[in-house]
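# pasting a predicted model and its sequence here:
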Amino acid sequence: MDLKQNRKVQEYIDRVCSHIKCREKHEEIKLELENHVEELAEEYLTAGISEDDALKKAISRMGDSALVGEQLNKIYKSGPEWSILILTLLFAASGLFSLYFIEVNGDFSLNTPSFMFGRSLIFTVLGLAVAGGLFFFDYRKLKPYSKYIYSGTIFILFLIIQTGGLVNGSVQHSFVQLTPIILVIALAGILDEWNWHIHKMFYLCLGMLALPVILMLAYPLFSAAVIYLTAAIMLLILTRVKLKYLLPLAGSGASLFLFAMVTVDYRMQRLLAFLNPHSDPLGSGYIHIQLDNLLQSAGFFGQGFTFSGMIPEVHTDFIFGYIVYTFGWLAGIVLIGLIAGFIARLISLAITIKDSYGRLLVISMAVIFSVQFIWNILMTLGLAPLGGVSLPFISYGNTQLIINMMMIGLILSVYKRKGKNLAIFSAKSL
Amino acid sequence: MKISKELLKGSTVILILSLLENKSMYGYEMIKEIENKSTGIFAFKEGTLYPILHSLEAEGMVESSWLQIEGSRRRKYYTITDKGKHYAQAKKEEWLTFRTTVDRVLGGSLYGLKTES
């Protein structure tokens, strides 16, 4: 009996589905209900009832379509993941709040861009719109293009470094800032299908890890290279690569950094300044010493709006220092707590995701956020070398804001579709 | 004799989970099994089984997979997870306590019912 042809059965099932807002579930639910009606109708047919009556009886035994549909809708009513969204908005709001006071109370020595608060507000709204768009986009559509996304990004990065400038410099710099995220997203798709049993795949993987790191170091954007490599190694661990492969991969990544540190003067200087700021108090050590003074004078409830020009670029990389100085250690500790909660929530959320590609995506996004948050705060506290990393959502930086919001949109997109699993197994697997 | 909806509602989850403790099953099969075992007393609108199964899956109590059987036909089989087994065990204990307590409280009047009928 082919129920696809039967109008009454289809009408019943369509009525059930009309209550279920999550469209991605429709196909599966339709098939399951169809099967049930079919079995019921067959039972009546063998009892000698005409096909038309058999179907009628079968449908009536299924019960009220509105009731079934409404109950199913409740299960799949998948709004955004509220805790992530609310924390993101809180970070963005505290960023805007701080930028507003830097702009209003600051003097010219701060060298902040004009209309900083207004611009940041516009980009926050824009970023939220981008995140909203990605939330409705089915992330699984990206996966088949992973290889092309990866090679395309590498190609553009290569061109930028070779020609020394294709387009306007700031557009180009924005692109380079975006590359670790794009490459990690592509790598998640590639590694999800990786076959470690073929030996030469190891060398291919080594190349895929090292090439972006070399290019980013050559550009140079040190922090991007660190972010990419950390997330890539995390992806390797999650795809259960054997230790005999993982160690050389991670080791060669680390030696690349060592090479990049030793061969470039200012990187060495930064490292030495971090280890002993007072060796060069007016040069490389200056910011470390200033930050140290700033944090020591902050107190538990802060100094209020008395900040003036002690640190350059306070609106970007050192905004955490401004927040602690102005609003006190209390505010700083609350912020650190919220950040810890944000990272913990991302990880606990990733574990619940069935789709391995989705899980890889969420965890790698969590790693990218973690590296930025932790590095930025540690370097402000004088516990890590300065690395040009901003505090996600909070630091001023329009491109960064959009990029971070994109990542949030992608995470929410994965979460929205986390239940779907339409894999078909053979009967033997039971 | 018909059982009231409310009474049945509270126990469908435990009925389903204990069925799945023995083997993986598909929806129609579960309905038939419940009907047989309860000698027809437990009969509910069959469509309402699916919201229960889907919410059990969303909570990680069961897992589902589509199986290809006889040609083009496919069935969605549900399998109980470890979490589901623990939950079923807890629910059974709860049910046992509930049942013995209700029996004890009703005590005399239940016997009264029996002698009348």
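Great, that's in hand.
# can you tell me which residues in chain B are near chain A?
B:24, B:26-28, B:44-48, B:50-51, B:54-55, B:57-58, B:64-69, B:73-77 (C-beta under 8 Å from any C-beta of the partner chain). For every residue, glycine as well, the C-beta is placed using N, CA and C.
# spit out the contact partners of the residue of chain B found nearest chain A.
Going by C-beta to the nearest C-beta, chain A is nearest to B:Lys45 of chain B, at 2.6 Å. Applying C-beta atoms under 8 Å, 6 or more residues apart in numbering or on different chains to B:Lys45 gives the contacts A:61-64, A:67-68.
# any idea how many residues pack against A:Glu11?
12 (other C-beta atoms under 10 Å in any protein chain shown).
# what's it in contact with, if anything?
A:Glu11 touches nothing, counting by C-beta under 8 Å, 6+ apart.
# same check, this time on A:Ile403
A:177-178, A:181.
# can you pick the most crowded of these?
Result: A:Ile181 is most packed of the contacts of A:Ile403 (other C-beta under 10 Å), 22 neighbours.
# tell me which element the most centrally placed residue in chain B falls in.
The geometric centre of chain B, computed from its C-alpha atoms, lies nearest to B:Leu15 (C-alpha atoms, centre = their mean), at 1.8 Å. Assigned by DSSP states H and E, B:Leu15 belongs to helix B:5-20.
# looking only at pLDDT, what's the mean for that helix?
Per-residue pLDDT over helix B:5-20 has a mean of 80.
# so which elements touch the lengthiest helix in chain B?
Longest helix of chain B, by residue count under DSSP state H: helix B:82-116. In terms of contacts (3 or more C-beta pairs under 8 Å, 6 or more residues apart in numbering or on different chains; DSSP states H and E), helix B:82-116 is packed against helix B:5-20.
# follow-up on the earlier one: name the residues of the longest helix of chain B that come out as buried.
B:84, B:87-88, B:91 (16 or more other C-beta atoms under 10 Å in any protein chain shown).
# quick one: it to chain centroid distance?
15 Å (C-alpha atoms, centre = their mean, to the nearest Å).
# cool, and stretch A:187-206?
With C-alpha atoms, centre = their mean as the basis, stretch A:187-206 stands 22 Å off its chain's centre.
# cool, stretch A:360-370 as well?
With C-alpha atoms, centre = their mean, you get 5 Å for stretch A:360-370.
# kindly report the same for stretch A:223-235.
Per C-alpha atoms, centre = their mean, the centroid offset for stretch A:223-235 relative to its chain is 13 Å.
# restrict it to CA atoms and write it as PDB.
Output of stretch A:223-235 as PDB, limited to C-alpha atoms (Å, rounded to 0.1, in the frame of the first residue of the first chain):
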ATOM      1  CA  SER A 223      48.100  36.000  17.800                       C
ATOM      2  CA  ALA A 224      46.200  34.600  14.800                       C
ATOM      3  CA  ALA A 225      48.800  31.900  14.400                       C
ATOM      4  CA  VAL A 226      48.500  31.000  18.100                       C
ATOM      5  CA  ILE A 227      44.700  30.900  17.900                       C
ATOM      6  CA  TYR A 228      44.700  28.800  14.800                       C
ATOM      7  CA  LEU A 229      47.200  26.300  16.000                       C
ATOM      8  CA  THR A 230      45.600  25.800  19.500                       C
ATOM      9  CA  ALA A 231      42.200  25.200  17.900                       C
ATOM     10  CA  ALA A 232      43.600  22.900  15.300                       C
ATOM     11  CA  ILE A 233      45.400  20.800  17.900                       C
ATOM     12  CA  MET A 234      42.200  20.600  19.900                       C
ATOM     13  CA  LEU A 235      40.400  19.400  16.800                       C
END
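# pLDDT weak spots in chain B?
B:1-10, B:108-117 (pLDDT under 70).
# let's see it at 50
B:115-117 (pLDDT under 50).
# try chain A
Across chain A (using pLDDT under 50), the flagged ranges come out as A:420-430.
# what's the domain layout of it?
A:3-77, A:82-416 (automatic domain parsing).
# give me the distance from the last one to the chain's centre.
Just to be clear, that refers to domain A:82-416. Using C-alpha atoms, centre = their mean, the offset of domain A:82-416 from its chain centre is 10 Å.
# ok, of the residues of chain B next to chain A, which come out buried?
Using 16+ other C-beta under 10 Å, the buried members of these are B:24, B:26-28, B:44, B:46-48, B:50-51, B:54-55, B:57, B:64-67, B:74-77.
# please narrow those residues to those residing in helices.
Using DSSP H, those in helices are B:27-28, B:50-51, B:54-55, B:57.
# residue 56: what's it in contact with?
If you meant another chain, say so; for now it's chain A. Here A:Lys56 is in contact with A:Lys8 (C-beta under 8 Å, 6+ apart).
# ah, I was thinking of chain B
Contacts of B:Leu56 (C-beta under 8 Å, 6+ apart): B:13, B:16-17, B:62, B:78, B:84.
# show me where the stretch 251-400 of chain A has helices.
Per DSSP state H, counting those that start in this stretch, the stretch 251-400 of chain A carries helices over the ranges A:265-275, A:286-296, A:319-351, A:356-380, A:398-416.
# pipe these into TSV and attach distance to A:Leu204 per row.
Below are these laid out as TSV (distance: least, C-beta to C-beta, whole Å):
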stretch	distance to A:Leu204
helix A:265-275	29
helix A:286-296	41
helix A:319-351	26
helix A:356-380	18
helix A:398-416	26
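# can you check which of the ones you listed gets nearest to A:Ser83?
helix A:319-351 (5.3 Å; C-beta to C-beta).
# packing partners of the closest one?
helix A:82-105, helix A:286-296, helix A:356-380, helix A:398-416.
# now do that helix against helix A:398-416, angle only.
Relative orientation of helix A:319-351 versus helix A:398-416 (axes from the mean of the first three to the mean of the last three C-alpha atoms, to 10 degrees): 20 degrees.
# quick one: buried residues of helix A:319-351?
A:319-329, A:331-332, A:335-336, A:339, A:342-343, A:346, A:349-350.
# then stretch A:260-279?
Neighbour counts using 16+ other C-beta under 10 Å place A:260, A:267, A:270, A:273-274, A:277 of stretch A:260-279 among the buried residues.
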